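> predicted model, plus sequence, below.
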Amino acid sequence: DCNVDERIIPAATAQPTAKCISAYLKIRGGGGSSSGTCAEQQHVLDARSTSLSAALALARSQARLLVVYIPAKGRSGKSKSNNGIATQSLISTEVGRAANRPSRKKKGDNSSSSKLGSFLIWSAENGSTAEINAAMKRLKAKHPAKGGTSSPILLVAYVAQSSTQLDPQTGRPRLQPRVVAQHHGNPPPSPAAMAAWLTSLRKRHGKQYAAMQHQMREVELYAERQRGYADSQVEDQEREVRAQREEEERLAKEREEKERKEAMAQRRSELMESLPDEPEAGGDGVVTIALRFADGRRGQRRFDGDETMATVFNWVDATFEMERERVELSTMTGQKKFAWSDAEDGDMTLSDAGLGKMTGLRVTEIEEEEEEDE
């Protein structure tokens, strides 16, 4: 027996299992093909795996019309035969091609919507009276007078979207299916006839396809804008974090510099108080030091010859606001140079340094060496 899928291939149309599987794979996107179009070849949905509501939503999302197959009721031989003929037509290659043919194709149009198929087909479960009645009620359809319930019927629904009502479960616009065509199924159409019928419907309902594709493009544009907005929000947040970090670093440097200046001002005040009184001019061992700065400033002061070079550096720092650690003192000829970093220079007396009664010293600021990156 054929036990692949009774709703797609009813048991009444018993045939070799291999043939059933082959037809089943065609509509399920299998069959051993490795091409990327397998998923696109699937055009028949069955009630056991997909509800009517889900099929309506899927058709709308793909800008397709939905063909709803309602099997004939009853267990008579005629009903089973009609269901078998209709089912074979639904899963036929001809109908598959018609269902997947682009609904609207314009020359030079390579957009995603130009490659969309025309129809999805949903099949109610054979023998499920409750499901068939629910589908007929949802689509507001009635069995035709000709054939009654002993013949299957095909309903073609355009899935519109409400502009004012939202689905309470999904929060999206409520779907409002509207039947735009119906085939009485008496007799059930052959594959070629069903394909021709779908082709005529595709041409007839161009406005509906255009509306769905327009709405799809609007959704895509909205999603793209949302992604762009989300990306811009991330960039804005990163920029804010970066700006905040830079501001914190700037404030930290300002605090550090302020503290350094306050500490330096305190130190210079203490250095100024620690300077010895200036001896009288012409006294024994008195050394007069005249300073010359690179910026043109000059300074002069007398010291006892027994004072150390450290005292001279303290005088330069306290009076001329040049950090003693970054100052080099040199004679006018450049033969003698003194630096705070040299401990011997700091402890050396003026007399031991060989400074005469009147000595001129150049004051040079030592530039900090930049550390080389390894």
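Done, it's in.

> mind showing which ranges of this protein have poor pLDDT?
Counting by pLDDT under 70, the chain contains low-confidence residues at 1-43, 105-115, 145-148, 369-374.

> so which residue is dead centre in it?
residue 231 (5.4 Å; C-alpha atoms, centre = their mean).

> return the list of helices and strands in contact with the helix or strand encompassing that one.
In this structure, residue 231 sits in helix 206-274 according to DSSP states H and E. The contact analysis (3 or more C-beta pairs under 8 Å, 6 or more residues apart in numbering; DSSP states H and E) places helix 206-274 against strand 153-166, helix 309-320. The C-beta positions use only the backbone N, C-alpha and C, and glycine is treated the same way.

> can you rerun that using 7 Å?
helix 309-320 (3 or more C-beta pairs under 7 Å, 6 or more residues apart in numbering; DSSP states H and E).

> for the helix it packs on, buried residues please.
For helix 309-320, burial by neighbour count (16 or more other C-beta atoms under 10 Å) applies to 309-318.

> closest to residue 49 among these?
residue 317 (88.5 Å; C-beta to C-beta).

> residues touching that closest one, list them.
268, 271, 323-324 (C-beta atoms under 7 Å, 6 or more residues apart in numbering).

> which one among the buried residues of helix 309-320 gets closest to residue 169?
Of the buried residues of helix 309-320, the one sitting nearest to residue 169 (C-beta to C-beta) turns out to be residue 317, at 80.1 Å.

> tell me the SS of residue 299?
Under DSSP: H, G, I helix; E, B strand; the rest coil, the three-state class of residue 299 is strand.

> next, give phi and psi for the closest residue in space to it that isn't next to it in sequence.
With sequence-adjacent residues excluded and distances taken as C-beta to C-beta, 6 or more residues apart in numbering, residue 299 is closest to residue 291, at 4.1 Å. Dihedral angles phi and psi of residue 291 (degrees, to the nearest 10) take the values phi -100, psi 140.

> so residue 291 is in contact with residue 313, correct?
No: the pair residue 291 / residue 313 is not scored as a contact, 11.4 Å apart, by C-beta atoms under 7 Å.

> three-state assignment of residue 288?
Residue 288 - assigned by three-state DSSP - is strand.

> beta partners of residue 361?
residue 291, residue 331 (DSSP bridges).

> count of neighbours near the residue nearest to residue 299?
For residue 291, the neighbour count with other C-beta atoms under 10 Å is 20.

> residues in contact with it?
298-300, 316, 361, 363.

> if any of those are buried, put those into a PyMOL selection.
To isolate the buried members of the contacts of residue 291 in PyMOL, using 16+ other C-beta under 10 Å:
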select buried, resi 316+361+363
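
> nearest to residue 221 among the contacts of residue 291?
For the contacts of residue 291, the nearest to residue 221 is residue 363 (70.8 Å; C-beta to C-beta).

> just to revisit the earlier point, angle of the helix holding residue 231 against strand 153-166?
Relative orientation of helix 206-274 versus strand 153-166 (axes from the mean of the first three to the mean of the last three C-alpha atoms, to 10 degrees): 40 degrees.

> tell me how far helix 206-274 is from the chain's mean position?
Centroid separation for helix 206-274 versus its chain: 18 Å, with C-alpha atoms, centre = their mean, to the nearest Å.

> and if you look at stretch 291-306?
For stretch 291-306, the distance to the chain centre is 67 Å (C-alpha atoms, centre = their mean).

> kindly report the same for stretch 79-90.
On C-alpha atoms, centre = their mean, the centre of stretch 79-90 falls 49 Å from the chain's centre.

> send the alpha carbons of that stretch over as CSV?
What follows is stretch 79-90, C-alpha atoms only, in CSV (Å, rounded to 0.1, in the frame of the first residue of the first chain):
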residue,chain,number,x,y,z
SER,A,79,-15.8,10.4,-3.6
LYS,A,80,-12.6,8.4,-3.3
SER,A,81,-12.1,8.4,-7.1
ASN,A,82,-12.6,12.2,-7.4
ASN,A,83,-10.2,12.8,-4.5
GLY,A,84,-7.6,10.6,-6.1
ILE,A,85,-7.9,12.4,-9.4
ALA,A,86,-7.7,15.8,-7.8
THR,A,87,-4.8,14.8,-5.6
GLN,A,88,-2.8,13.5,-8.5
SER,A,89,-3.3,16.8,-10.3
LEU,A,90,-2.2,18.8,-7.3
